[in-house]
Structure formats: structure tokens, C-alpha cells
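Asker: need coordinates for the below:
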Amino acid sequence: MLTHALTDARGLPMSAAREDSAIAFETALRQLQCYRGDPIGSIDAAFAGEPGFVMGHILRAEVCLTMWERSFLTEVQRGLEHLERLAPSATDRERRHIAAIRDWAAGDWDGMRAGLDRLLDEYPTDILALQVGHLADFYLGDRDNLRGRVARALPAYSRDMPGYGFLLGMLAFGQEECGDYGRAEDTGRHAIELEPDDCWAQHAVTHVMEMQARQAEGIAWMEARRDHWAQDDNGFSFHNWWHTALYHLDQGRVDRVLAIYDGSIRPAPTRVQLQMLDAAALLWRLHLQGADVGARWTELADTYESAGEDGFYAFNDMHAMMAFAATGRYAAAARLLAATDAAADGLGSNAVMTRRVGRAIVKAVDAFGRERYDDVVALLLPVRYQAHAFGGSHAQRDVVHRTLLEAAFRSGQHTLARGLSIERTTLKPHCPFSWNLRRKAEAAVSRVPS
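Answerer: Here you go, the predicted structure:
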């Protein structure tokens, strides 16, 4: 039995026998916090000297599960099997982590989140549990806990504690998703003062500017700080580039949007779902506007067809269906619909999300591709305000509202389109894209005989 004499940089005991194991843990943890480098490679190096390093195996498994896709499930299960053997020598905190990983692997993502909540009640300075829980809140659309989880832990930290700046970056994103835009921007900018390379805090401020339709300012904000969020080894840069592309899209700069897509969002084929969904979401917005994107859809749809992710996570399913709908791949769409139905009939957190909103939205995207626009409206109207239930951010889920509005136009429901466009301009009065939609809707209504 280990005596747990070693601690992490925040003073929490670790069942580690070697000082270099603790150092490797902090290196990998910081890489995860910055979304830079290779945290798995860094922690794997520690196992050469200490194969039974429990917190190392926990970090490794949790980095994998935060990708939130089926392709990492085997790796998480393999890590879990090893951790189950190590559990008798683990600390209480480590055993709670193991239980959370077990819940995730079983599909009980809500149980995993709740377990990390209780862990943090006892060990609020476990910043790995905090970051993993924060990401899980995002994947399951729990905006209140995105903010609340961090707020509950904050009093346990001091400014000079390792990771404090990253804690503020997470808080800023939670504040933004809760609509507290002024405080979110202040918190995010403070986080960046402490940790200039905190690309999650950069992302939080970027969300604020997106929600407030500050496109020109947003572009300047992103360009001025590229050296801090778009490094070659930054695993999150594709998403911050996606936000940059949205600013340009709302200003009608399609050529610049496609240049960002080709150079920074999808410069080469990849099967990573997080990167694929950003690519699909951007192309779908262009598709709704009738923009020519060349062969970009074909490559993306090919990759979705071969990925084997259907039915694992409803938010990813929506984006896969965009690729199939845009390319007329009806057989692939039918397989995805069947997988969505099977997921909805199953157990676990994804089953709940799919039943609540995922299945309707996936069916609506399929209907859009088949030009059944009345069906799109009928499917999306009841769930558009519940779409948070299958994860993502306000900015990401705006694609649901855009799809509904375009379907209203194409189905001849012009008064509905007008109402939806008025809603957009009321909420984002400075957005040129939304005003263009409103003028289009009002013109269509005026042409309809009374």
C-alpha cells in the first residue's frame, strides 16, 4: 500500500511513488488546460518509471473521454480496466475519478457529471475534475452548471495557485452561456491577463462578441491575439478559427470564410468528430444561403460515412446528417435515422437527449435535404428552445434556428419567417445577416395578396 506522501501542485495527495510522476502529471495537465501539445504522450512517459501511477491513468482516460466519441470508447475502457486493478491502493479522490470514468464508459454521462460534482464538493482544488466536469456540462447542454460548477470551487483557490487563470477562463464561458455577457467578458479578459495562452478564455470572450453581434471587433480581437490561440500545436485552434469564420460570414464575406475553412478548420481530412462538426456546421450555414462550396461537402460526407459514430452522441448525429443531406446521400441518411431511433429507444444519457430533441432535429435536417420544408418547420418549431438539451453552445445551436428560418422561407410560410427574423434582430440588433433576413421576410410578406 502506498502512503500517498506525494501531492499535486495544489496540495492534493496522489498515490504516486516517484516525484517525476507528479511532475509529468502537472506537465500533461497544463497541456490539457492550454489545449496544446500532447498530454497523453506526456503522461505515457511517466508509466515507464511507474506503471501503476493512478492519477496518470486517470488523466489519460479523461483526456480520451473528453473527445466524446465512440472511437475513444475502447481506449477509455482499457484505461478503466487498469484503474479498477489499481483502485485498492488509490486515494478516495482517485477512486471517485475512477467511478466517474466508469459511469461515462457505461453511457451514464449524467451520473459521471454528478459524481464529479460530489468529488469537487470534497476536493474543490482538483482542477482536472473541474475541467473534465466543465466539458461534460458543455456536451450535455447544462449551461447553469457550466457556471455553477466553477463558481462553487472558486473560493478554494488563490490567485497564485497553479491553474487559477484557467479556472477563470472556464468561469467566463459559463457566464457567457448564462447570458451574463458583461461579466463574462471581464472575467475572460482577466483570465487572459493571467494566462495569455488560455485559448478557452479567448473562446469565451469570442462567444460574447458573437452573441452581441460585434463582428468587426471580433475579427480584430482574434487577429490581434493569433499568436496565443492559433499555434501549430494548439488542438483547439480549429474551433476558434470557426468563430472567426462566423464573424466574416455574418458580414457576407464568403470567400474569406472558405479560405479559413480550407486553411485552418479543415486543412486536411480528419475523423475527429469535434473538428468534423465545425466543418459541417460552417458548410451548412453556407448551404442555407445557397453558396457554392465546391467539393468540400463530398470529402466531409465520405468521412462521416466511414466514421462509425452514428447514434453515439446526438449533437454529432445532427452534423453528420448535414453532410448527408447536402450531398443527397439518402442511404447514409437512412442508416443514421435508424441509428438515431435505436439510440432513442436505448438507455443512458444520449438516449434521453435523442428522445428529447436529437431525433427531431436529425429528422428535420434530413427533411431539408429532401426539400420537405413544411416537415422541417413542423419538426423544429417544438424543439428549437429545447435544443440545449443535446449539448453545444448558443452559437453552435444557432444553426437550428437558421435552418428553421430558411425552411419557413422555402415552404412559403412568410409570416413565420418574418416573426423569426424580427426575433433575431431584436436579440442581436447589430447583426447585418439577421437584418438581411428580416428585409427579405418583410418583402415576401408584402407581396402576398391580402
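Asker: I'd assumed Thr66 was in contact with Leu135.
Answerer: Yes. Contact criterion CB atoms under 8 Å: Leu135 and Thr66 qualify, at 5.0 Å. Every C-beta, even on glycine, is put in place using the N, C-alpha and C of the backbone.
Asker: okay, and Asp302 sits in which element?
Answerer: helix 296-307 (DSSP states H and E).
Asker: pLDDT (mean, whole number) over that helix?
Answerer: Per-residue pLDDT values over helix 296-307 give a mean of 97.
Asker: rounded mean pLDDT for whichever helix or strand comes after it, please.
Answerer: Sequence order places helix 314-327 as the next helix or strand after helix 296-307, per DSSP H and E. The average of the pLDDT scores along helix 314-327 is 98.
Asker: just want the angle from helix 314-327 to helix 296-307.
Answerer: Angle, helix 314-327 to helix 296-307, by axes from the mean of the first three to the mean of the last three CA atoms, to 10 degrees: 130 degrees.
Asker: helix 314-327 packs against which elements?
Answerer: helix 273-288, helix 296-307, helix 330-344, helix 349-353, helix 359-369 (3 or more CB pairs under 8 Å, 6 or more residues apart in numbering; DSSP states H and E).
Asker: what is the fourth one packed up against?
Answerer: Applying 3+ CB pairs under 8 Å, 6+ apart, we find helix 349-353 packed against helix 109-122, helix 314-327, helix 330-344.
Asker: chain center to that helix: distance?
Answerer: Here helix 349-353 is found 17 Å from its chain centre; the criterion is CA atoms, centre = their mean, to the nearest Å.
Asker: Gly174: neighbouring residues, count only.
Answerer: 25 (other CB atoms under 10 Å).
Asker: against Gln33, how distant is it?
Answerer: Taking CB to CB, to the nearest Å as the measure, Gly174 falls 16 Å from Gln33.
Asker: again with Met161
Answerer: From Met161 over to Gln33 the distance is 13 Å, taken as CB to CB.
Asker: looking at the two, which one has more neighbours?
Answerer: Using other CB under 10 Å, the more surrounded residue of Met161 and Gln33 is Gln33, with 24 against 15.
Asker: could you look up the SS state of the more buried one?
Answerer: Taken by DSSP: H, G, I helix; E, B strand; the rest coil, the conformation at Gln33 corresponds to helix.
Asker: which residue is the nearest non-sequential neighbour of Gly11?
Answerer: Once flanking residues are discounted, Gly11 sits nearest to Thr125: 7.0 Å by CB to CB, 6 or more residues apart in numbering.
Asker: pull the contacting residues for the one you found.
Answerer: Thr125 makes contacts with Arg10, Gly11, Leu12, Ala153, Ala156, Tyr157, Met161, as judged by CB atoms under 8 Å, 6 or more residues apart in numbering.
Asker: from those residues, pick the one nearest Cys178.
Answerer: Using CB to CB, Ala153 is the member of those that lies nearest Cys178, at 16.6 Å.
Asker: my read: the closest one touches Met170, true?
Answerer: No. With contact defined as CB under 8 Å, Ala153 does not count as touching Met170 (9.5 Å).
Asker: follow-up on the earlier one: can you say which of the helices and strands packed on helix 349-353 is packed in most?
Answerer: Most buried of these, by mean neighbour count (mean count of other CB atoms under 10 Å): helix 314-327, with a mean of 27.
Asker: buried sites along stretch 49-67?
Answerer: Within stretch 49-67, the residues scored as buried using 16 or more other CB atoms under 10 Å are 50, 52-67.
Asker: please apply the same query to stretch 186-205.
Answerer: For stretch 186-205, by 16+ other CB under 10 Å, it's 186-192, 195, 197-205.
Asker: so which of the residues you listed are in helices?
Answerer: Those of those mapping onto helices are 186-192, 199-205, per DSSP state H.
Asker: from those, which two are the most distant?
Answerer: The span of these, defined through CB to CB, is set by Asp186 and Cys199 at 18.3 Å.
Asker: before we move on, the earlier item: distance of the residue nearest to Gly11 relative to Thr66?
Answerer: 20 Å.
Asker: Gly141 too?
Answerer: Distance from Gly141 to Thr66, counting by CB to CB: 16 Å.
Asker: Leu283: how many residues sit nearby?
Answerer: Leu283: 25 neighbours (other CB under 10 Å).
Asker: could you measure from it over to Ala245?
Answerer: Computed as CB to CB, the Leu283 to Ala245 distance reads 11 Å.
Asker: do the same with Ala259
Answerer: 9 Å.
Asker: of those two, who's got more company?
Answerer: More neighbours surround Ala245 than the other of Ala259 and Ala245, with 25 against 13 (other CB under 10 Å).
Asker: sec struct for that one, please.
Answerer: helix.
Asker: surely it is in contact with Arg266?
Answerer: No. Judged on CB under 8 Å, Ala245 makes no contact with Arg266 at a distance of 10.9 Å.
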